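J.: Attaching a predicted model along with its sequence, questions to come.
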Amino acid sequence: DYDLMFGSLIIAYLALNLVYSVVLLIGSGKKITGLLKAWIIWCLVGIIYGISLVIIRSTCLDLNLQRITPIIIDLFLDLFVLWITYRRLNEILAVQLRSNMLLNDVNLH
């Protein structure tokens, strides 16, 4: 079933993101920033959403409204995930560039 697969994918994707964020956090030794906190909360909410999607789809009767609503929610969720991921990657890249520049400055002197 499409929705069961999709729900599972959402759970897996966000779980990976959560692990990735935690690893990054430990690796960088930084404190939790507002954006990172929001990101972690978002991942947890997404995982809960994915689990609920799987549960709803595996138990509910198949009505047309029930078919359409999750798909619309999924599309918005996908767009939101993509946007957050894009923002996150930009932030990571900016940090990487800054630390590389600092390293280069240290190496030159």
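T.: Yep, that arrived.

J.: any idea which element residue 39 lies in?
T.: Secondary structure assigned from DSSP states H and E places residue 39 in helix 34-59.

J.: do the same with residue 81
T.: helix 64-108.

J.: So, low pLDDT: which residues of this protein?
T.: Residues of the chain meeting the criterion pLDDT under 70: 1-4, 7, 24-38, 56-75, 102-109.

J.: Next one: residue 14 from residue 78, what distance?
T.: 12 Å (Cβ to Cβ, to the nearest Å). (Each C-beta comes from the backbone N, C-alpha and C, glycine too.)

J.: quick one, which of these two is more surrounded?
T.: Legend: neighbour count by other Cβ atoms under 10 Å for residue 14 and residue 78, higher for residue 14 (21 against 13).

J.: Please name the nearest non-neighbouring residue to that one.
T.: residue 46 (4.0 Å; Cβ to Cβ, 6 or more residues apart in numbering).

J.: For residue 6, the count of nearby residues, please.
T.: Neighbours of residue 6 under the rule other Cβ under 10 Å: 19.

J.: give me the number of residues near residue 82?
T.: Neighbours of residue 82 (other Cβ under 10 Å): 10.

J.: again with the one 4 residues further on
T.: Other residues near residue 86 number 10, with proximity taken as other Cβ under 10 Å.

J.: again with residue 20
T.: Per other Cβ under 10 Å, the neighbour tally for residue 20 reads 13.

J.: same deal with residue 77?
T.: 19.

J.: Would you confirm that it contacts residue 10?
T.: Yes: at 7.2 Å, residue 77 and residue 10 qualify as touching, with contact defined as Cβ atoms under 8 Å.
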